[in-house]
Every structure is written in structure tokens, then in C-alpha cells.
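Chemist: Can you look at this prediction? I've put the sequence above it.
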Amino acid sequence: MDEYSIVIEEPSEEGIRIDKFLATSFPDKSRSHYQKSIDNGLVLVNGNIVKSKYQTKLGDEIVITEEPVKEVDILPEDIPIDILYEDEDVIVVNKPKGMVVHPAPGHYSGTLVNALMFHCKDSLSGINGEIRPGIVHRIDMNTTGSLLVCKNDNAHNKIAAQIKEHSVNRIYKGIVIGNFKNEAGTVDAPIGRNPKDRKKMAVVANGREAITHYRVLEQFKGFSYVEFKLETGRTHQIRVHMASKGHPLLGDDVYGKPVKSLQGQTLHAETLGFIQPTTGEYVEVAAPLPQYMVDLLEKYRRMT
């Protein structure tokens with residue numbers, strides 16, 4: 001592992017969030033990269049682990065450890081993809097259940113990125129590096145539906161800015177365990193790493209702001225069909241928020257209980273609306289509900 005350090009010596013360097021300070025001081029890596037490093041305990045301040053919101057102080061010695069990057073060849077693969085919308089700047093695909101978005105340890109082939117590299121050739125933004133070309137946001141492996149990919153860096157920057165300011169319209173549909181007393185509501189609860197299990201997310205006091213609006217579409221015996229509108233886009237946000245309210249997603253094998261006949265959570269990214277980076281026009285795309293969810297809903301309707 002590589003290790004490097006920096007000492008806060010100037011008053012102008014005080015009072016800055018550490019993730020922002022590191023991204024400014026070492027611009028070869030993104031702020032999100034340093035946030036992940038901080039979350040994983042790879043950034044120490046005066047020998048202590050800190051949070052991303054820690055603000056620098058005069059005399060602080062910051063030590064950053066970089067894990068070695070495994071070099072792999074990410075190759076284009078002729079994998080069919082369901083294209084919902086495409087222009088010169090962006091492409092929106094309907095991601096199937098079980099497909100990983102981008103290569104990662106254990107998944108260096110068969111991912112959406114491998115398929116996109118074949119379809120788009122060299123037309124994918126490079127901001128997120130060779131492992132994640134074009135990827136500006138993600139959905140979980142077992143979540144289906146609309147995913148926006150950028151073909152050039154200008155589009156990537158503009159879409160990333162829209163995501164940051166929460167102006168991208170993202171609506172999901174899902175089936176959860178249990179029934180609701182109210183037809184609609186909002187979960188406003190910060191999300192961060194689960195202190196007891198770093199592989200999971202959880203509602204934690206020092207987490208990042210996370211807001212999910214929900215509307216109950218149908219209720220069955222023991223289950224509810226719900227629409228979710230994301231105001232923010234934290235990792236596993238809907239899954240964590242619903243589990244925190246006692247309504248985990250049906251089949252969620254991380255925050256709920258697995259169901260043998262299902263492949264993970266019953267969650268679908270239906271609607272995606274954004275401002276086209278070049279024309280400035282609003283574009284909205286909707287991915288049809290996957291057949292397995294259609295079948296489940298019909299089953300529950302017959303049982304009710």
C-alpha cells in the first residue's frame with residue numbers, strides 16, 4: 001500500500017471539510033474517492049480515524065493510505081441491452097435483475113459497462129476512470145430499471161451537477177412487507193455506514209442527508225405496492241429507509257429476509273427525468289415494470 005501525508009500549516013487551510021481539503025490538495029483523485037477512503041479508515045488525522053465532515057485544524061497531520069489498484073482489462077462484450085433512450089450525449093438503459101453496473105472484484109465481465117463498451121465503442125465519458133466509463137449514478141445489482149449513462153465528459157459533468165442539486169426526477173416502484181396506516185409520507189433520516197457491519201448502510205445520526213417520499217399504490221394481505229420518489233440518492237437509500245420503518249423490501253437479503261423464489265429485493269427504477277446536457281430540454285424516460293413484479297402483483301390481487 002502507498003502512504004502519503006500532509007500537514008495543515010496555513011490558517012487558510014483551517015476549517016475545511018477533510019474530504020474537500022484532500023480533493024483540493026490532491027486533485028488527481030475525486031472527493032468521493034477520499035470519502036470512501038475516510039469511511040474505510042484509510043485516512044488518519046493525528047493518528048485517529050475521522051469522519052468526512054471533520055474540519056481541518058492548524059497543525060493537523062493527515063496520513064492517507066492508498067490500497068493498490070488491481071489492474072485488469074475491461075473488455076467490450078456483445079451483451080444485449082434494452083435501450084430506453086439514446087442521443088449524442090447520453091444513453092438510458094433498462095438494467096435487468098442480477099446485472100452488475102460496473103466491474104468490481106468478482107465481476108470483471110458480464111457487467112453493464114462491458115455491454116456499453118461494445119455498444120458505444122469509444123463514446124463513453126472517462127471521468128470515473130477505466131473501470132466505470134460513462135457511469136454517473138448506479139442502481140443495485142438486483143434492482144431493475146432506468147439507468148443513465150454519459151457518452152462524454154461534458155454530459156457527465158452536467159448530469160452529475162443535476163444529481164448533486166437533486167433536480168433529477170427519480171421514481172421507483174417496489175413491494176414491501178406489511179401495510180401502512182397512511183397513504184403517503186416522507187422518510188427524512190440520515191444514512192451512513194452501519195457501525196456494526198461496514199458492508200451495510202444504516203440510519204445513523206452522523207450520516208449524510210437522505211430523503212425518500214413514498215406513496216402507497218395498493219395494499220394486500222401482508223404486503224404493499226409502493227411508489228418512491230428520491231430527493232437524495234444515497235447508497236441503498238430506499239432499502240434502508242423502508243427497513244428502518246419496519247417495511248423492508250420483499251426479498252431483500254441484506255435489510256430484510258431473502259425469498260427463495262426471488263433474486264433479491266423487489267425494487268424497480270421506473271422513471272428517470274433530466275435536463276439534456278446540450279439542448280437544455282427536459283427528457284423523461286420510463287422503464288416498464290419487470291415481468292416478475294407484474295406476476296407477483298397479479299398473484300397478490302387474486303389472494304386479496
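Modeler: Alright, I've got the coordinates. Numbers count the residues shown, from 1 in each chain.

Chemist: quick one, strands of the stretch 151-300 of the chain?
Modeler: Listed in chain order, the strands of the stretch 151-300 of the chain (DSSP state E, counting those that start in this stretch) span 169-177, 184-188, 191-194, 197-203, 211-219, 223-230, 267-275, 282-286.

Chemist: tell me what the third one is packed against?
Modeler: For strand 191-194, the helices and strands in contact under the criterion 3 or more CB pairs under 8 Å, 6 or more residues apart in numbering; DSSP states H and E are strand 197-203, helix 237-244. Every C-beta, even on glycine, is put in place using the N, C-alpha and C of the backbone.

Chemist: just the second one next, same as before
Modeler: Packed against strand 184-188, as judged by 3+ CB pairs under 8 Å, 6+ apart, are the following elements: strand 211-219, helix 237-244.

Chemist: redo that, cut-off 6 Å
Modeler: Helices and strands touching strand 184-188, by 3 or more CB pairs under 6 Å, 6 or more residues apart in numbering; DSSP states H and E, are strand 211-219.

Chemist: Sheet partners, orientation included, of the strand it packs on?
Modeler: strand 184-188 (antiparallel), strand 223-230 (antiparallel) (DSSP bridges).

Chemist: what's the most buried one of the ones you listed?
Modeler: By mean neighbour count, with neighbours taken as mean count of other CB atoms under 10 Å, strand 223-230 ranks first of the strands paired with strand 211-219 at a mean of 20.

Chemist: Minimum distance to Ile83: which of the strands of the stretch 151-300 of the chain has it?
Modeler: Ile83 lies closest, by CB to CB, to one member of these: strand 282-286, at 10.0 Å.

Chemist: Which elements pack onto the closest one?
Modeler: Contacts defined by 3+ CB pairs under 6 Å, 6+ apart place strand 282-286 against strand 267-275.

Chemist: can I see the domain layout of the protein?
Modeler: Domain assignment for the chain by automatic domain parsing gives 2-66, 83-303.

Chemist: Determine which stretch of these is the most buried.
Modeler: Counting by mean count of other CB under 10 Å, domain 83-303 has the highest mean neighbour count of the domains of the chain, with a mean of 18.

Chemist: and stretch 55-75, C-alpha only, in PDB?
Modeler: Extracted in PDB, the C-alpha atoms of stretch 55-75 (Å, rounded to 0.1, in the frame of the first residue of the first chain):
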ATOM      1  CA  GLN A  55     -12.900  20.100   9.700                       C
ATOM      2  CA  THR A  56      -9.200  20.700   9.500                       C
ATOM      3  CA  LYS A  57      -7.200  22.400  12.200                       C
ATOM      4  CA  LEU A  58      -3.800  24.100  12.300                       C
ATOM      5  CA  GLY A  59      -1.100  21.500  13.000                       C
ATOM      6  CA  ASP A  60      -3.100  18.500  11.900                       C
ATOM      7  CA  GLU A  61      -1.100  15.700  10.300                       C
ATOM      8  CA  ILE A  62      -3.200  13.900   7.800                       C
ATOM      9  CA  VAL A  63      -2.000  10.500   6.600                       C
ATOM     10  CA  ILE A  64      -3.600   8.800   3.600                       C
ATOM     11  CA  THR A  65      -3.200   5.200   2.700                       C
ATOM     12  CA  GLU A  66      -4.000   4.100  -0.800                       C
ATOM     13  CA  GLU A  67      -4.800   0.500  -1.500                       C
ATOM     14  CA  PRO A  68      -3.100  -1.000  -4.500                       C
ATOM     15  CA  VAL A  69      -5.300  -0.900  -7.600                       C
ATOM     16  CA  LYS A  70      -5.700  -4.200  -9.300                       C
ATOM     17  CA  GLU A  71      -5.100  -3.700 -12.900                       C
ATOM     18  CA  VAL A  72      -7.500  -5.600 -15.100                       C
ATOM     19  CA  ASP A  73      -8.500  -5.400 -18.700                       C
ATOM     20  CA  ILE A  74     -12.100  -4.400 -19.100                       C
ATOM     21  CA  LEU A  75     -13.300  -5.600 -22.400                       C
END
